[in-house]
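Participant: Any chance you could fold what I've pasted below:
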Amino acid sequence: MINITIHRGANQIGGCITEIATTKAKIIIDLGSNLPGNKVKELTIEQVTQITADADAIFYTHYHGDHIGLFHLVPNDIPQYIGKGALEVIKCKYDTLSKHIDTKEEQNTINHMRTYFANEPIQIKDIRITPYFCSHSAFDAYMFKIESEGKVILHTGDFRNHGYLGKGLDRILKYYIGQIDLLITEGTMLGRTQEKVLHEMDILSNTIKVLKRHKYVFALCSSTDLERLASFKEACKLTHRVFCCDHFLSSILDIFTKYTKSSIFNFSNKFLLNQYNEPKVREFLMKRGFLIPVRSSQIERIKKLINTYNDAPPYLIYSMWQGYHNGQEEHLNPQIIAMRELFNGRIYDGTRDGFHTSGHADMKTLRDVCIRTNPHTGIIFIHKDFNSSIEALHLPTRIHLIRANTIRDNFAIRIY
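Facilitator: You can find the predicted model right below:
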């Protein structure tokens, strides 16, 4: 009997924790913290210790906080695994944070983390787990094929096929995953069926148009979204604008360049904008124009840049979720709202204007994965809102949807 426990994630986006256990071994996939705005009280160290008790290993699909955020609460004797490139990203993140807050606990845990590699299985007693690369809004993200007791489980993590790297999904499903017994998949977009989903190529094309029209462009986006940053970098290259960054982003981009092979992910020509007031720098950027990816915490820096480069009006590409500035109250981000106000309406706005797209599988992709893997026992959807409509996928009746505790085909499944 294989025991599957969805500790968290069946009725909320983020905070995912999945346990897979046999009589001999126990692994956990993701140990995420709740997303900002989630009103549910976060797990305590005692609760994390209870969930991870007797675990032989914890595997993280990627470095987003809603999948890895509780890693520092795990007892030191439990091995924790993540992709090698992803580990460098979180090291960089906490090295930077350590200059402002105490991160000794997190950094100590990070220094003891282990790494896995794409397509290379790891044996944890009688559980075999193999990571396969997938496209997501995080660099170095993976799905896991888990094999034990003659059963095959696919845990997709967060994935999509509308990124530059999404084309690999079909090949992985066909040649490496094949027929499975149980599918545990994200369902983020089940609750966002009306949201416009673009390919990253569309965002590249739209950014080129903006850079041809405007000299100074700021792009509010994630600092660790490889494919979005690649779109902005390529747009600069094709329009002869300067792709600028600060020290933190420069370090992240160096990691991306180190671990990727395609030229679109090579950021070696980035311009480190440190002394932006220095005469030669001003002359160079005023002649060429620029795009600068920025973070919501940098509002004072952006004010100074706008005042310095004032020979043309600045524009903002808002490349994030719309809910942070016009959503429900619990999701609003005051820093983002304040930053948008700096641009007096000169904003190219997210999904509405074609400058943001989800890091998650759209409805068609979700349906395709469900049908192609054709899980014999059924599907468990996680990373979804409680009111998401699985029926909107119109899956064949032969595919069983598992929504509650059940014992089926030698699986004992508990969903909280």
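
Participant: So which residues make contact with the helix or strand of the chain with the lowest mean pLDDT?
Facilitator: For the chain, counting by mean pLDDT, DSSP states H and E, helix 323-326 ranks last in confidence among helices and strands (a mean of 87). With contacts defined as Cβ atoms under 8 Å, 6 or more residues apart in numbering, helix 323-326 is touched by 318, 331-333, 336-337, 340. Heads up, the C-betas are built off the backbone N, CA and C, glycines and all.

Participant: Going by neighbour count, which of those residues comes out on top?
Facilitator: Tyr318 (25 neighbours; other Cβ atoms under 10 Å).

Participant: quick one: pLDDT of that one?
Facilitator: With respect to pLDDT, Tyr318 has a value of 98.

Participant: Now it. Its backbone dihedrals?
Facilitator: phi -90, psi 110 (degrees, to the nearest 10).

Participant: is it in a bridge, and if so with what?
Facilitator: Tyr318 forms beta bridges with Leu220, Asp349, as assigned by DSSP bridges.

Participant: pretty sure it contacts Gly354?
Facilitator: No. Tyr318 lies out of contact with Gly354 (Cβ atoms under 8 Å); the separation is 11.3 Å.

Participant: quick one: common contacting residues for these two?
Facilitator: Tyr348.

Participant: where do the helices sit along the chain?
Facilitator: Here the chain has its helices, by DSSP state H, at 45-52, 65-68, 84-97, 104-111, 168-172, 200-213, 226-239, 247-259, 279-288, 299-308, 323-326, 334-341, 350-353, 363-373.

Participant: And those: which comes nearest Asn269?
Facilitator: helix 226-239 (7.3 Å; Cβ to Cβ).

Participant: which residues does the spatially most central residue of the chain contact?
Facilitator: Centroid check for the chain by Cα atoms, centre = their mean gives Ala138 as the closest residue, at 3.7 Å. Counting by Cβ under 8 Å, 6+ apart, Ala138 touches 62-64, 86, 158, 224-226, 359.

Participant: and it, how far is that from Ile347?
Facilitator: 25 Å (Cβ to Cβ, to the nearest Å).

Participant: Walk me through the domains of the protein.
Facilitator: 2-193+358-415, 200-353 (automatic domain parsing).

Participant: how deep is the closest residue to Phe248 other than its chain neighbours tucked in, by neighbour count?
Facilitator: Sequence neighbours aside, Thr96 is the residue nearest to Phe248 in space, at 5.1 Å (criterion: Cβ to Cβ, 6 or more residues apart in numbering). The local packing of Thr96 (other Cβ under 10 Å) involves 15 other residues.

Participant: Relative to Asp246, how far out is Thr96?
Facilitator: 10 Å.

Participant: Surely Thr257 touches Asn266?
Facilitator: Yes. Counting by Cβ under 8 Å, Asn266 is a contact partner of Thr257 at 5.3 Å.

Participant: And these two? Which one has more around it.
Facilitator: A direct count of neighbours by other Cβ under 10 Å for Thr257 and Asn266 places Asn266 higher, at 16 against 13.

Participant: Can you pull the phi/psi pair for the more buried one?
Facilitator: With angles defined as degrees, to the nearest 10, Asn266 shows backbone torsions of phi -100, psi 120.

Participant: Just to check, it is in contact with Tyr259?
Facilitator: No. In this structure, Asn266 is not within contact of Tyr259 by Cβ under 8 Å, at 11.1 Å.

Participant: hang on, the residue nearest to Phe248 packs against Ser250?
Facilitator: No. Look at Thr96 against Ser250 with Cβ under 8 Å: they stay out of range, at 11.2 Å.

Participant: State the pLDDT value of Asp385.
Facilitator: At Asp385, the model reports a pLDDT of 89.

Participant: Going by neighbour count, list what's buried in the least confident helix or strand of the chain.
Facilitator: 324-325 (16 or more other Cβ atoms under 10 Å).

Participant: chain center to it: distance?
Facilitator: 19 Å (Cα atoms, centre = their mean, to the nearest Å).

Participant: Residue numbering should commence at 13 henceforth.
Facilitator: Taking 13 as the first residue, the last one we looked at is helix 335-338.

Participant: hmm, back to that, tell me the one among the contacts of Ala150 nearest to Asn50.
Facilitator: Using Cβ to Cβ, His76 is the member of the contacts of Ala150 that lies nearest Asn50, at 14.1 Å.

Participant: Need the nearest residue in space to the closest one, chain neighbours excluded.
Facilitator: Ala150 (5.3 Å).

Participant: can you tell me how far that neighbour sits from Asp214?
Facilitator: According to Cβ to Cβ, Ala150 stands 20 Å off from Asp214.

Participant: and if you look at Ala324?
Facilitator: Ala324 is 26 Å from Asp214, where distance means Cβ to Cβ.

Participant: And these two? Which one has more around it.
Facilitator: Each of Ala324 and Asp214 has its neighbours counted (other Cβ under 10 Å); Asp214 has more, 16 against 11.

Participant: Can you tell me the closest non-neighbouring residue to the more buried one?
Facilitator: Setting aside the residues directly before and after it, Asp214 is nearest to Gly366 in space (Cβ to Cβ, 6+ apart), at 6.0 Å.

Participant: And Glu31, by the same measure?
Facilitator: Nearest residue to Glu31, sequence neighbours excluded (Cβ to Cβ, 6+ apart): Thr17, at 4.0 Å.

Participant: Specify the beta-bridge partners of the one you found.
Facilitator: Glu31, Arg426.

Participant: Give me the pLDDT for it.
Facilitator: Note for Thr17: predicted pLDDT of 99.

Participant: same thing with Ile314?
Facilitator: For Ile314, pLDDT reads 97.

Participant: ok, it touching Ala350?
Facilitator: No. Applying Cβ under 8 Å, one finds Ile314 not in contact with Ala350, separated by 10.1 Å.

Participant: Comparing those two, which residue is more hemmed in?
Facilitator: Between Ile314 and Ala350, Ile314 has the larger neighbour count (other Cβ under 10 Å), namely 20 against 12.
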